[in-house]
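[1] predicted model and sequence below, questions to follow.
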Amino acid sequence: MNEPNPMGDIVRVEAVSRRFPLDHSFVSALDGVDLRVAAGEFLAIAGPSGSGKSTLLNLIGCIDKPTSGGIHVGGVATSTLTPSRMTALRREKIGFVFQTFNLIPVFTAAENVEFPLLVQGIGAGERRQRVAAALDSVGLSARANHRPDLLSGGERQRVAVARAIVHRPALVLADEPTANLDTHNATQLIDLMRDLNRSLGLTFIFSTHDARLLEHTPRIVRLCDGQIESDTRSEGGSRG
Amino acid sequence: MGKFLLLAFRNVFRNRRRTIMTLCMVGGGVAGLLLAGGYFAFMTHGLRERTINDGLGHLQIFTADHFRRDETRVLDTGIENWRQVAATVSSAEHVRGVAPRIDFYGMVSNGTKAAGFMGSAVDPDAEKSLGFVTRVVAGRDLDAKPAGEVEALIGVGLAKSMNVGVGDGLTLLAMTSDGALNGVDVQIVGLVNSGVAELDARYLRITLPAAQRLLQSDRVTNLVVGLDSTDNTDRAYAELIPRLRGLPQEMTLKKWIDLATYYKQVSTMFNGIFLFMGVIVFFMVLMSSVNTLLMAMLERTREIGTMLAMGTPRLWIVALFMLEATLLGAMGAIAGVVGGNLLGVLLNSSGLHMPPPPGYTVAIPFKVLHVPALMIGSSILVIVSLALASIVPAVRASRLQIAEALAHV
C-alpha cells in the first residue's frame, strides 16, 4: 500500500465501467472512464445529476468496485485488495466529506473529528493535539464541544472537513459537499478546501453540479452520461 | 475503549421514548421474576421451617433395619437403648436436644363407632424444648406427667368422625410387640389442626410412656434431633455419623431433606414454575428487543455507512451494537431490581393472603423474600437475552454495502 508511485499519481482510473442491475437489465453509471490525478491536485468533477460523479468518487474511495477496469490509489491496485486491506486503505489514505455532513449526532464536534484517529488506534494525547489542530484549521476551535444539532450547516460541513483531514490522508474525497449549503457557505467551504490543499498539500477531489463553484478550481473534469466529456485545467492549479 | 463505550451509552439514549419502553419491558421482566421468585422463596423457606418445626426436626436417627425390612412385630426394628443413643448425640455441637418418638397404628373407638388412627407417641417436654409446634386449636397440649387418665390429642377430622370433643374419652386398641391385642382408655385433652385434612382425619398423639405400655415395649421408632439452625444440618450430620458407629445397634442418620417428601415436591414444583417463567421472560425480551434494535439499526444506516467508509472494522460495528444492547439490558436489570424490591416491600406490608393450596385449610400470607441470587440471576438472564437479540441487527449493520448505506434516506 505504501510503495512509491513513480508516476506521481495519487489516483489512476483505467477504463473503468460500473453497471448496476435494474429489473432484468443493467444501467450504466460509468462507461470506460480514464483519469489520472496527481498528488496535491485540487480537482472538481462536474456534471448534471446522474452523470456518474458520485459513482466515480465511490470507486476511487474504495467503497464500491468497478464492473470492469482498474483503479489505483496511491499506487495500489484496489481490485487486488482483500476487504480488510480495502478497509485499511480507506482508514489510512482517504478522507471523506459527504453531502449531508454525516456527523455522528451523539458526538461533539471534537469527538466527531477524533473518530478516525480512534479507529486508527492513535493514543489519547496525540488525538487531542491533532483534533485541536484540525478544528483550528477549519476555524471551529470555539465550537469544539458543541454537538452537530447546535451547529449551522456551514459549521457542520467544516467539522466534516476537519474529520476528513485529521488523520492526514493522501486523498480527500468530497461528494457534493456544498449541495446542502447556501452560496455564501458553499463558496467559503470551497475556499477552505483550497486553502487546505495549498497549505497541507492534500489532494482534493470533489464533485459538484454548481457551475459557480468551479470558477476558482484549477482542474475540472466534466462527466456526462457516465463518460468524461472534458478535462480542463486553468491557471492557479497546484500543477500549474 | 472509553470513547467507544461513551458512543454506545449515548446511542442508547438517542431515542428516549423507545429506550424507556425497552427499559420498562426489561425491568418489568426482572421485577416479575423477582416477585415470583421471592414469593416462591418465601413459600419454600416457610414450608421448610414449618416442616422441621412441626416435628420432623433437622436430623432423625433410626436403626438400619428400619429401612432394610418391614416390621414383623411392633417396634422390632426400633431403637433399643434409645436413652444411650440420645446421650451420645446430645453433646454434639449445634444439637439443641433429642426427642424420642414412636409411630404406631391401631383402632380408636367411642363405644359405638371405631376408626383407624395413625398414632405418634412423644415426650411432650422434649418436643417443647426443641420448639416443635403442636397445632392445638381446642383444649391444651399433652402433659408430660398427667395425674389421671392417659391423655390424647386427636385431629379435628378424627374428632368430627368420632363425634367427640375435648374432655371426652376414647379407647385405643393396638397390637403389642409380642403380637397380642392391647387396649387403653384415653381422655381427649386437645384437638389438632395440622392444615392437612387427610392427616387430621387419622391423627392421634399420646405420651411416650403411655404408648410403651400400650405396645408393651421399651423401644422407640426413632430419635428426632433438633439443631440451633437449619443451616448447620450438614455440619451436625458430619459430626454425628462417627458417634453413631460405636453403638451396639447399627444406626442410620437421616437429614430432614431426606424425609421431607412433601417439601421436596413443592420445591420442585416451584422451581419448575420459576424456570418456565424465566424462559417466557427470556423469549419476551429477546423477541421484542430484536425488533427494537433492528429499527435502531435501520435509522442509523447512513451513519453506519459513514463509519465503515472511514475504515471502521466491521467487527467494531458488531461490537458497538452488542455493547449498546448489553448496556440497555444492564440498565433494565437495575431498574427491574430496584422496582421489584420496592414492589416487594409494598406487597409485604400490604397484608395480602393467598388462598389455601390444595389439601390445606389455612390461607397463606403473601410475602416476598429479597433473594440476592435471584437478583443476580434475573439480571444476567435479561442482559444475555438482550445481547443475543442484538446479534441479528449487529451482523446486518456490519454487512451493509457502504455505497448503499450512504445513499440510504
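    Noted; the coordinates are in hand.
[2] can you show me the strands along the chain?
    Unless you meant another one, I'm taking chain A. All strands of chain A, identified by DSSP state E, fall at A:9-22, A:25-38, A:42-46, A:68-73, A:76-77, A:94-97, A:171-175, A:203-208, A:219-224, A:227-233.
[3] chain B was what I was after
    For chain B, the strands defined by DSSP E cover B:59-63, B:95-109, B:114-122, B:136-139, B:150-155, B:169-175, B:181-192, B:203-207, B:222-227, B:251-255, B:353-354, B:364-365.
[4] which helices and strands does the last one pack with?
    Read that as strand B:364-365. strand B:353-354 (3 or more CB pairs under 8 Å, 6 or more residues apart in numbering or on different chains; DSSP states H and E). Just so you know, the C-beta spots here come from the backbone N, C-alpha and C atoms, and that holds for glycine as well.
[5] off-centre distance for the strand it packs on?
    Centroid displacement of strand B:353-354 relative to its chain, using CA atoms, centre = their mean, to the nearest Å, is 17 Å.
[6] tell me the mean pLDDT for it?
    When pLDDT is averaged along strand B:353-354, the result is 84.
[7] got it, and stretch B:364-375?
    So the average pLDDT for stretch B:364-375 ends up being 91.
[8] now that stretch - C-alpha only, CSV.
    Output of stretch B:364-375 as CSV, limited to C-alpha atoms (Å, rounded to 0.1, in the frame of the first residue of the first chain):
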residue,chain,number,x,y,z
ILE,B,364,-51.0,-18.3,53.3
PRO,B,365,-49.7,-14.8,53.7
PHE,B,366,-48.4,-13.2,50.5
LYS,B,367,-44.8,-12.3,51.3
VAL,B,368,-41.8,-11.8,49.1
LEU,B,369,-38.3,-12.6,50.1
HIS,B,370,-35.4,-10.4,48.8
VAL,B,371,-33.0,-13.0,47.4
PRO,B,372,-29.7,-11.7,46.1
ALA,B,373,-29.1,-14.8,44.0
LEU,B,374,-32.4,-14.1,42.2
MET,B,375,-31.5,-10.5,41.5
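[9] mind listing residues that contact it?
    With CB atoms under 8 Å, 6 or more residues apart in numbering or on different chains as the test, stretch B:364-375 has contacts from B:33-35, B:37-39, B:41-43, B:45-46, B:337, B:340-341, B:343-344, B:347-348, B:350-354, B:356-357.
[10] same thing but 7 Å
    The contact list for stretch B:364-375, computed with CB atoms under 7 Å, 6 or more residues apart in numbering or on different chains, reads B:34-35, B:37-39, B:41-42, B:45, B:337, B:341, B:344, B:347-348, B:352-354, B:356.
[11] what does stretch A:39-58 give?
    So stretch A:39-58 is contacted by A:8, A:10, A:18, A:29-30, A:33, A:37, A:64, A:173, A:175, A:194, A:197, A:201, A:203-209, A:214, A:217-226, A:237-239, B:403 (CB under 7 Å, 6+ apart).
[12] let me know the pLDDT of residue 124.
    All of this refers to chain A. Confidence score, pLDDT, at residue A:124: 92.
[13] my question was about chain B
    pLDDT, residue B:124: 93.
[14] just the one 5 residues further on next, same as before
    Here the pLDDT value assigned to residue B:129 is 89.
[15] where do the helices sit along the stretch 301-409 of chain B?
    Ranges of helices within the stretch 301-409 of chain B are B:301-309, B:314-348, B:372-389, B:391-398, B:402-406, based on DSSP state H, counting those that start in this stretch.
[16] and these: which comes nearest residue B:171?
    Closest to residue B:171 of the helices of the stretch 301-409 of chain B is helix B:314-348 (CB to CB; 49.0 Å).
[17] which other helices and strands contact the closest one?
    helix B:2-12, helix B:16-51, helix B:261-299, helix B:301-309, helix B:372-389, helix B:391-398 (3 or more CB pairs under 7 Å, 6 or more residues apart in numbering or on different chains; DSSP states H and E).
[18] what about 10 Å?
    Contact analysis of helix B:314-348 by 3 or more CB pairs under 10 Å, 6 or more residues apart in numbering or on different chains; DSSP states H and E lists helix A:83-93, helix B:2-12, helix B:16-51, helix B:261-299, helix B:301-309, helix B:372-389, helix B:391-398 as its packing neighbours.
[19] relative to the whole chain's centre, how far out is that helix?
    When distances are taken as CA atoms, centre = their mean, helix B:314-348 is centred 29 Å away from the chain's centroid.
[20] and the angle for that helix with helix B:2-12?
    Interaxial angle of helix B:314-348 relative to helix B:2-12 (axes from the mean of the first three to the mean of the last three CA atoms, to 10 degrees): 60 degrees.
[21] now helix B:314-348: buried residues?
    B:314, B:316-318, B:320-337, B:339-341, B:343-344, B:347-348 (16 or more other CB atoms under 10 Å in any protein chain shown).
[22] now the angle from that helix to helix B:372-389?
    In terms of direction (the same axes, to 10 degrees), helix B:314-348 departs from helix B:372-389 by 150 degrees.
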